[in-house]
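In: here is my input; please provide its structure:
(chains A and B)
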Amino acid sequence: MVAPALKMSGVTKRFGPVLANDRVDLQVAPGTIHGIIGENGAGKSTLVSILYGFHAADEGEIEITGRPVTIRDSADAIGHGVGMVHQHFMLVPNFTVLENVMLGAEGGLLLKSGRAAARAELDRLARDYGLEVDPDAIVEELPVGLQQRVEILKALRRGAQILILDEPTGVLTPAETERFFDILRNLRAQGVTILLITHKLQEIIAVTDDVTVLRGGRVVGRRATAETTRDELAELMVGAKTPAIVNRGQESQGEAVISAENLTWRDLRGVARLEDVSLTLRAGEILGLAGVSGNGQSELLDVLSGVSPVQEGRIRVGAREITRTASANPAEMRRLGVGHVPEDRHRCGLVLGFEARANAVLGYHNGPNAGPGLFLSLRAMERHCTALIKRFDVRPGAPRLRAGGFSGGNQQKLVIGREIEAEPKAMLIGQPTRGVDIGGIAAIHAEILARRAAGCAILLVSVELEEIFALSDRIAVINDGRIVGETPRRDADVKTIGLMMAGVSRNAPEAAA
Amino acid sequence: MTRLPGWVEYGVLPLINLLMAFTVAGLVVALIGEDPFAALAVMINGAFVYEGGIGYTLYYATNFIFTGLAVAVAFQAKLFNIGGEGQAYLGGLGALLVCLAMDAWAPGLLVIPLAILGAALFGAAWAMIPGWLQAYRGSHVVITTIMFNFIAAGLMVGLLSGALMRGGQSNPESRPIAEAARLPFVHDVLGALGIEAAQSPLNLAFPVALLACVVVWVLIWRTRWGFALRTMGESEPAARYAGINVPRMIVTAMALSGALAGLMAINTLLGAQGKVTVNFPAGFGFTGIAVALMGRSHPVGVLMAALLFGALYQGGAELDFEFKTITREMVLLIQGLIILFSGALAFMFVPWLTRLVERT
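Out: Below you'll find the predicted structure:
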């Protein structure tokens, strides 16, 4: 029998009292695609960090092609033929593809010879693996899918025989994801062993040969992909059946709570991030805004919530009309009954250094929840936060714990809970479940649906198509700052929406070919 | 990483840092051939025991409280106000103008509060300009406040040797203000109460400084405005999301910071000296940065650090007096070491302490 490309046995890693990996055994056959799946916090990232030398394991052995190895840092990992593509790319945005690929392996004092060698090398890799990228293109000007390709090329050039991909599809469109899977299959055909870290079941089913399921730092299942099902894997991941949300959507006849008319918004460089965007949110419905991230969703949320000023066009909230000259800041928008769950809870939605009770009044600190009188009352804040924690099942239920000490899902519950507690008439919700584990996702989705039932008008912005489909009553698609289509949920299908997200309906010669 | 318990982080850690600073300073003293323990004894005696020593210590501490609070408030908003020196200087101008205009005819009970207000307002105005420039024009306050120190110095030298110069004298200083407009000395107040106290420049600016600590604490930690200020200091995007007007907050935070620095002037003008002299802030504005750093930008910490620096300042003067080989620069060295260990290297012993705490 051939020695496994990678074998980890009894790997244990503790962070203080937390057992991140508990006697994990992993065996990956050479030339296969092996999936590692688990919820957030299941220990996936820790495991690959150990493999790539970011952390040292407390116990356990690693063997690569049958030989025991010690991996102290990433240089060791690379030396043993392990390459890694991070979730957030580690590329120098204003360097060319070639320069990025050379980085760290420039070869000699002067760049010239190294550059020629790297160029030849890139050519060969492109031929062997079907990974064509223009070596002289500036990385930041490339679409995300190609940037990812550059990351893979970087790893391959360093002689990677085992490629670790950490949540690789989070930033890709459905079409890009398909192409990406083709690349993986191609690499496998060339004998590369691939370790795919993900929390998306459909990816495991679509592309892997074998799968290892982690939960709470332990291996809870090993399956040949062909012999398992999504349901079984999901059950293993969460340890219990998750109720699937079946949603057909219902069109609301409710009144328009907030509407945007012909919004155009330009950034500091004068680039139009939003062009002529018009949307209406009705009471008691969820409008899902689908789109690949970076197509104007963030700007739309910012303008609608008052974080960025209106430049052209108008927003109507009830009788109030917001324009460039009659602007409204986020405090006024809140008074008008518009709640906002920001896309980036770490940067905007929470002050990580503040206690939960202070975060529970962030944005509402001028209101009664922060204290009845002129001064802040810590006791009132704590009472409010305790109620919020109870109602939205935030764990741990400690109002004095700093926000940074909560897990992603509980942070998000804190933010969403805070906005819901204010009983808004409309809610702008950005990426509600980004970085949230499955249990948390279910709870958050339930809260959003409960708001709809209570008659709230909701704009749901998400890059997770599944989420859009699970919750929306209507679906709008944004591409390059424009709304390229809008359809009732029951008439929508994933393929059409996916194509619209990729901009195919308008002008995309690439995907048409 | 586990967090240290409060009493370790705010009690044990600063003590260790101080101990390190004094140990290294002691080594230097030993190196130049003096007995470090004798030197320490002189310092302690000078600062607390000798006649009037404690008065001087508290007098200097008053300066440090005001300038330390000024920097601390700005730190809470993540603004680095290093213009305390210039703001204190201008604060002197504000208080002086009130006194010059009114002390001939108005009673002290009217002049003194207005002069205090004048000091705060001028200091605030002088800090608001850099604040405005950062908020609306993107010029960093670190650069502009440094520059404003120079401008303040130039302006004040010009005024004190020109329009505001005392007639018939050749010193660049203002005329003395009327006795009634001055804050009473503490030894006089105590004397009136029948308590014998040694003469010192300590005056009623000290209780004003203590009051400022309380006011700052309430403002920053117990008002909605303070909540907004701290939110901005922790995360500007979060502040914008929360509907806080960030540019306006930058300007008002700088104004409060400048007002506190400006108040330092009352300790000298209304208190000890009774007049404005050239360069009366004498570096206290700058040392306020160290006080705020050591005090972890909290009023209680600032108060403690100000007392320590006051004692060092006074004890150091005594050291200079007693030892031939030890000069004033030695005190600067000790101050520097304290800043190094409790500011720049404040967290040097944290990993070690964490391990210690975890083991128990």
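In: so where's chain B shaky on pLDDT?
Out: B:1-3 (pLDDT under 70).
In: what's the longest helix in it?
Out: helix B:108-137 (DSSP state H).
In: what about stretch A:59-77, how long is it end to end?
Out: For stretch A:59-77, the first and last residues are 18 Å from each other (CA to CA, to the nearest Å).
In: residues contacting residue A:2?
Out: The contact partners of residue A:2, by CB atoms under 8 Å, 6 or more residues apart in numbering or on different chains, come to A:29, A:30. To be clear about C-beta, it is placed using only N, CA and C from the backbone, and glycine gets the same treatment.
In: try 7 Å this time
Out: Residues near residue A:2 by CB atoms under 7 Å, 6 or more residues apart in numbering or on different chains: residue A:30.
In: helix, strand, or coil at it?
Out: Using DSSP: H, G, I helix; E, B strand; the rest coil, the secondary structure recorded for residue A:2 is coil.
In: burial measure for the nearest residue to residue A:192 once chain neighbours are set aside, as a count.
Out: Counting by CB to CB, 6 or more residues apart in numbering or on different chains, the nearest residue to residue A:192 once its immediate chain neighbours are dropped is residue A:163, at 5.7 Å. By the criterion of other CB atoms under 10 Å in any protein chain shown, residue A:163 has 23 neighbours.
In: let me know the secondary structure of residue A:163.
Out: strand.
In: can you read off the pLDDT for it?
Out: Reading off the per-residue confidence, residue A:163 sits at a pLDDT of 93.
In: so residue A:281 versus residue A:300, what's the distance?
Out: When distances are taken as CB to CB, to the nearest Å, residue A:281 and residue A:300 turn out to be 12 Å apart.
In: what about residue B:256, distance to chain A?
Out: 17 Å (CB to the nearest CB, to the nearest Å).
In: report the angle between the helix or strand following the longest helix of chain B and helix B:108-137.
Out: Scanning the chain past helix B:108-137 towards its C-terminal end, the next helix or strand to appear is helix B:141-160 (assignment: DSSP states H and E). Orientation of helix B:141-160 against helix B:108-137 (axes from the mean of the first three to the mean of the last three CA atoms, to 10 degrees) gives an angle of 140 degrees.
In: just checking, what packs against helix B:141-160?
Out: If contacts are counted by 3 or more CB pairs under 7 Å, 6 or more residues apart in numbering or on different chains; DSSP states H and E, helix B:141-160 sits against helix B:84-102, helix B:108-137.
In: could you list the buried residues of that helix?
Out: For helix B:141-160, the neighbour count (16 or more other CB atoms under 10 Å in any protein chain shown) marks B:141, B:144, B:145, B:148, B:149, B:151, B:152, B:153, B:155, B:156, B:159, B:160 as buried.
In: can you tell me which of these comes closest to chain A?
Out: Sorting the buried residues of helix B:141-160 by how near they are to chain A, with CB to the nearest CB, puts residue B:141 at the top with 21.5 Å.
In: I figured the closest one hits residue B:134, correct?
Out: Yes - with contact defined as CB atoms under 7 Å, residue B:141 counts as touching residue B:134 (4.8 Å).
In: and residue A:60, its phi and psi?
Out: For residue A:60, the backbone dihedrals (degrees, to the nearest 10) come out as phi 110, psi 160.
In: how close does the spatially closest residue to it that is not a sequence neighbour sit to chain B?
Out: Excluding the flanking residues, the one nearest residue A:60 by CB to CB, 6+ apart is residue A:11, at 3.4 Å. Applying CB to the nearest CB, one obtains 22 Å for the distance of residue A:11 from chain B.
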